[in-house]
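Peer 1: For reference, the sequence and a predicted model appear below.
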Amino acid sequence: VAGVGGVPASGVAGVVMNVTVTGPTSGGYLTVYPDGVSRPTASNLNWRPGETVANLVEVGLGQRGKVSFYSAFGETNVIVDVEGFYTGSGSSGSEGGVPGQPAGPVRICDTRPSSGEPYAGSTLGPGGTLPVQVTGVKGVPSSGVSAVVANITVTGSTSGGYLTVYPAGTALPTASNLNWRPGQTVANLAVVKLGSGGGVDVYNSGGNTNVVIDVLAWYG
């Protein structure tokens, strides 16, 4: 990434990219992460055979200014468009507007019963809202954080619906962060302001669905 397509060759901490998969031979998922670190458990895109799926991805640069792409199953083509970049270390705090970067995505919520992660077994029902603590969890600072960049995934849905993630303790907005059909696994990136107690509320419009939240960065 560094030194390619107008991205500076040095001084870049992370990039914002639109990542697309097309022509997959089977269902699967893609994980994007800094080159040279252990592959995290987060997924950035999920798809069925033959689908073309895109998602916004924010990722820190790893060794030699590169990022790694992991495809779980089958074969697929990947298209990567860089939309912006952050300068500075990006390693702690958010000096100059650079978001703080944990060491790869950190999973703060996974409602699937056997996940072993926070909120395991808290599957959301129709019209249900799940309060999720963000600050002080898995390396996210316990104070001084105003918002987070998070990859949000829904899976195992029993009907079509939408998901809204918003600051804890505030009124439910009309925006949706994800929309899906029954049984789909769908992911999307969101920048969410934190509410009371350093948390967010997650609202599910219909049916039962599981929710996975991976924090990629935070703002002071």
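Peer 2: Arrived safely, thanks for sending.
Peer 1: so where is this structure shaky, pLDDT-wise?
Peer 2: 88-104 (pLDDT under 70).
Peer 1: Going along the chain, name the strands of it.
Peer 2: With DSSP state E as the definition, the chain shows strands at residue ranges 12-22, 28-34, 45-47, 53-60, 67-71, 77-87, 106-110, 129-133, 147-155, 161-167, 178-180, 186-193, 199-204, 210-219.
Peer 1: so what secondary structure elements neighbour the second one?
Peer 2: What it means is strand 28-34. strand 12-22, strand 45-47, strand 53-60, strand 67-71 (3 or more CB pairs under 8 Å, 6 or more residues apart in numbering; DSSP states H and E). In this view, the C-beta of every residue, glycine as well, is placed from N, C-alpha and C.
Peer 1: Partner strands of the third one and their direction?
Peer 2: Using DSSP bridges, strand 53-60 pairs in its sheet with strand 12-22 (antiparallel).
Peer 1: swap in the last one?
Peer 2: Sheet neighbours of strand 67-71, with direction, are listed as strand 28-34 (antiparallel) (DSSP bridges).
Peer 1: follow-up on the earlier one: let me have the strands of the chain in TSV, adding mean neighbour count as columns.
Peer 2: As requested, the strands of the chain are exported to TSV (neighbours: other CB atoms under 10 Å):
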stretch	mean neighbour count
strand 12-22	19
strand 28-34	21
strand 45-47	24
strand 53-60	21
strand 67-71	17
strand 77-87	14
strand 106-110	22
strand 129-133	17
strand 147-155	23
strand 161-167	20
strand 178-180	18
strand 186-193	19
strand 199-204	22
strand 210-219	24
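Peer 1: any chance of these in a markdown table, plus distance to residue 118?
Peer 2: Converted to a markdown table, the strands of the chain look like this (distance: least, CB to CB, whole Å):
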| stretch | distance to residue 118 |
| --- | --- |
| strand 12-22 | 25 |
| strand 28-34 | 20 |
| strand 45-47 | 21 |
| strand 53-60 | 22 |
| strand 67-71 | 24 |
| strand 77-87 | 27 |
| strand 106-110 | 6 |
| strand 129-133 | 8 |
| strand 147-155 | 13 |
| strand 161-167 | 15 |
| strand 178-180 | 19 |
| strand 186-193 | 16 |
| strand 199-204 | 12 |
| strand 210-219 | 9 |
